[in-house]
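Enquirer: here you go, sequence then predicted model.
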Amino acid sequence: MKITPVILSGGAGTRLWPVSRELFPKQLMPLVGERTMLQDTLLRLPGLTAHSLEHDTPLVICNEEHRFMVAEQLRAIDNQGVTIMLEPVGRNTAPALTLAALRQMQTGSDAILLVMPADHVIQDVEAFHAAVASGARLAEQQRLVTFGIVPHQAVTGYGYIHKGSAEGEGEAFTIAGFVEKPDAATARRYVDSGEYLWNSGMFMMLASVWLEQIGHHRPDILTACRTALEKATADHDFCRLDKAAFSACPADSIDYAVMEKVEAQGVVVALDAGWSDVGAWTALWDVLPKEESGNVIKGDVLAYKTTNSMLMGSNRLLATVGVDDLLVIETADAVLVADKNSAQDVKTIVQMLQQNNRSERINHRRVHRPWGAYESIDNGNRYQVKHITVKPGASLSLQMHHHRAEHWIVVSGTARVTRGEENFLVTENQSTYIPIGVNHRLDNPGKVLLEMIEVQSGPYLGEDDIVRFEDIYGRSVK
């Protein structure tokens, strides 16, 4: 039996701020182990062969702004060749699955789609494989399958699925109903009854079955997605959806658009595999190892008379005295202190950042680019200092600035500089100057990482003061 994995990597992880940000979300981070959550999601797939399941090349659907980080993370685990479909805007999970199903049908094969968000933790991978095998057998019978997590505690942050009668082999049930996130008392009643499962957001179905159902219940989504895919363009390993067509697509979830309406055709497979969607800091605290006082500690941390807390430092010493049940999360540009019982409310801080047009919602101080990264290390009136790294063989765009001049000092490696009509090398401990209004380009012709310090000076130092003339990464050229 052959399946096509569909990895949904479009979320922003707002309840894990300040670590998760809009342009560097939780699924692209190694929050639980050495690999990122996206990488772990893909690396769960090979073991399916033990259950007589083969899988085609996965399809990853992600935000256009994340494309180079996603591609680099796939390359790092030897998953080159994966198709990466780029959403120009977020439209929730129903359009994403519709695009995957349309793409699958373009190949001429009506495969079973295994839909997995890229930000889930699954500790018992064998149990997951067994559940997928059960789901595949039901999907072959044209059922729409979702996976429900066996709850071990009353949690208010998840939606619930009410189990109906037993269905087929294994832990599968008809769906008696979907329930929104409950209050604490209702959640306790659900768990005590044994009749409810957490809604995991993972699904399996034939591509043709999904297209039939979405066409029946939400033809507007199907039409918009079909147009967006028909007008899509290929760019390296990326499939770029047509922006105008996809922007016109209504936003909806798989549950609301179809699963809550399919009645007898829907089925839920119970999954007990140490699952978490790491949707809040408390969920991450649950799955990480703890020291003897019940604390999760990462980074340079000193904890005295501190219990049952999550303490994460990344840039400086973090010290706590006499606290309990706290979240203390430190990054280069922000610190979060919260009661663990209020972990779900962190998203409100992100909303406040958005209302105040604060950059801390979008980016970290260290900003990743396809060619490397830059980090602002100092700034003041009419100047800014950045630490820039450029990967071997990588090149920045040919560009020009209207309002700032730049001094470049190479710390290590070799820089090849284009400045107007000049082209020359700058090596370790050497520097050069880029005047205002002069076309320029920086690239790394060497075999080692290029590190340099850039000192900008001028009346306006915003990142939007850039005119691109040539760019190998397909970014907009003005």
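Expert: Received the coordinates, thanks.
Enquirer: just the helices in this protein please.
Expert: 37-43, 67-76, 93-106, 125-140, 184-193, 207-217, 219-230, 243-247, 254-257, 281-287, 346-355 (DSSP state H).
Enquirer: looking at the ones you listed, which is buried most?
Expert: helix 93-106 (a mean of 24; mean count of other Cβ atoms under 10 Å). C-beta here means a position set from N, CA and C on the backbone, and glycine is covered the same way.
Enquirer: helices or strands up against that one?
Expert: With contacts taken as 3 or more Cβ pairs under 8 Å, 6 or more residues apart in numbering; DSSP states H and E, helix 93-106 sits against strand 2-9, strand 59-63, strand 83-87, strand 112-117, helix 207-217, helix 219-230, helix 254-257.
Enquirer: turn the ones you listed into JSON lines, including mean pLDDT.
Expert: Formatted as JSON lines, these follow (pLDDT from 0 to 100):
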{"stretch": "strand 2-9", "mean pLDDT": "95"}
{"stretch": "strand 59-63", "mean pLDDT": "96"}
{"stretch": "strand 83-87", "mean pLDDT": "95"}
{"stretch": "strand 112-117", "mean pLDDT": "98"}
{"stretch": "helix 207-217", "mean pLDDT": "98"}
{"stretch": "helix 219-230", "mean pLDDT": "98"}
{"stretch": "helix 254-257", "mean pLDDT": "96"}
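Enquirer: in CSV: the ones you listed, plus distance to residue 300.
Expert: Converted to CSV, the helices and strands packed on helix 93-106 look like this (distance: least, Cβ to Cβ, whole Å):
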stretch, distance to residue 300
strand 2-9, 31
strand 59-63, 32
strand 83-87, 36
strand 112-117, 32
helix 207-217, 48
helix 219-230, 47
helix 254-257, 42
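Enquirer: looking at the helices of the chain, spot the one closest to residue 409.
Expert: Using Cβ to Cβ as the criterion, the shortest distance between residue 409 and those is 26.0 Å, found for helix 67-76.
Enquirer: got the CA positions of the closest one in PDB?
Expert: Below are the C-alpha coordinates for helix 67-76, written out as PDB (Å, rounded to 0.1, in the frame of the first residue of the first chain):
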ATOM      1  CA  ARG A  67      11.300  28.400   2.000                       C
ATOM      2  CA  PHE A  68      15.100  28.500   2.300                       C
ATOM      3  CA  MET A  69      15.100  27.400   6.000                       C
ATOM      4  CA  VAL A  70      12.800  24.500   5.100                       C
ATOM      5  CA  ALA A  71      15.000  23.500   2.100                       C
ATOM      6  CA  GLU A  72      18.200  23.700   4.200                       C
ATOM      7  CA  GLN A  73      16.700  21.600   6.900                       C
ATOM      8  CA  LEU A  74      15.600  18.900   4.400                       C
ATOM      9  CA  ARG A  75      19.100  18.900   2.800                       C
ATOM     10  CA  ALA A  76      20.600  18.400   6.300                       C
END
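Enquirer: which stretches of the stretch 151-300 of the chain have low pLDDT?
Expert: Counting by pLDDT under 70, the stretch 151-300 of the chain contains low-confidence ranges at 169-170.
Enquirer: picking that back up, for residue 315, which of the helices of the chain is the nearest?
Expert: Relative to residue 315, the nearest member of those by Cβ to Cβ is helix 281-287, separated by 18.2 Å.
Enquirer: now that closest one: how far from the chain's centre is it?
Expert: Distance of helix 281-287 from its chain centroid, counting by Cα atoms, centre = their mean, to the nearest Å, is 18 Å.
Enquirer: show me what it is packed up against.
Expert: Applying 3+ Cβ pairs under 8 Å, 6+ apart, one finds that helix 281-287 contacts strand 275-276, strand 310-312, strand 326-330.
Enquirer: in TSV, list these along with mean neighbour count and distance to residue 371.
Expert: TSV is the format used below for the helices and strands packed on helix 281-287 (neighbours: other Cβ atoms under 10 Å; distance: least, Cβ to Cβ, whole Å):
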stretch	mean neighbour count	distance to residue 371
strand 275-276	20	34
strand 310-312	22	29
strand 326-330	21	28
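Enquirer: export those strands as TSV, with columns for distance to residue 252.
Expert: Conversion of the helices and strands packed on helix 281-287 to TSV gives the following (distance: least, Cβ to Cβ, whole Å):
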stretch	distance to residue 252
strand 275-276	24
strand 310-312	34
strand 326-330	32
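Enquirer: select, out of those, the one closest to residue 443.
Expert: Of all these, the one in closest proximity to residue 443, counting by Cβ to Cβ, is strand 326-330 (34.8 Å).
Enquirer: neighbouring strands - and their directions - for the closest one?
Expert: The strands that strand 326-330 pairs with in its sheet are strand 310-312 (parallel), strand 335-339 (antiparallel) (by DSSP bridges).
Enquirer: give me the residues contacting the longest one.
Expert: I take that to be strand 335-339. For strand 335-339, the surrounding residues in contact (Cβ atoms under 8 Å, 6 or more residues apart in numbering) are 17-18, 281, 325-330, 345-346, 349.
Enquirer: can you tell which of the helices of the chain is closest to residue 86?
Expert: Shortest distance between residue 86 and the helices of the chain, using Cβ to Cβ, is found for helix 67-76: 5.6 Å.
Enquirer: helices or strands next to the closest one in the packing?
Expert: Here helix 67-76 is seen to pack against helix 37-43, strand 59-63, strand 83-87, strand 366-369 when contacts are counted using 3+ Cβ pairs under 8 Å, 6+ apart.
Enquirer: if we can go back for a sec, and the helices and strands packed on helix 93-106: which comes nearest residue 294?
Expert: With respect to residue 294, and counting by Cβ to Cβ, the nearest of the helices and strands packed on helix 93-106 is strand 112-117 at 28.6 Å.
Enquirer: circling back to that earlier point, out of the contacts of strand 335-339, who's nearest residue 40?
Expert: Distances from residue 40 to these, taken as Cβ to Cβ, are shortest for residue 281 (19.1 Å).
Enquirer: does that closest one touch residue 344 like I think?
Expert: No - here residue 281 does not reach residue 344: they are 9.4 Å apart, not a contact under Cβ atoms under 8 Å.
Enquirer: please name the bridge partners of residue 205.
Expert: When bridges are taken as DSSP bridges, the partners of residue 205 come out as residue 113.
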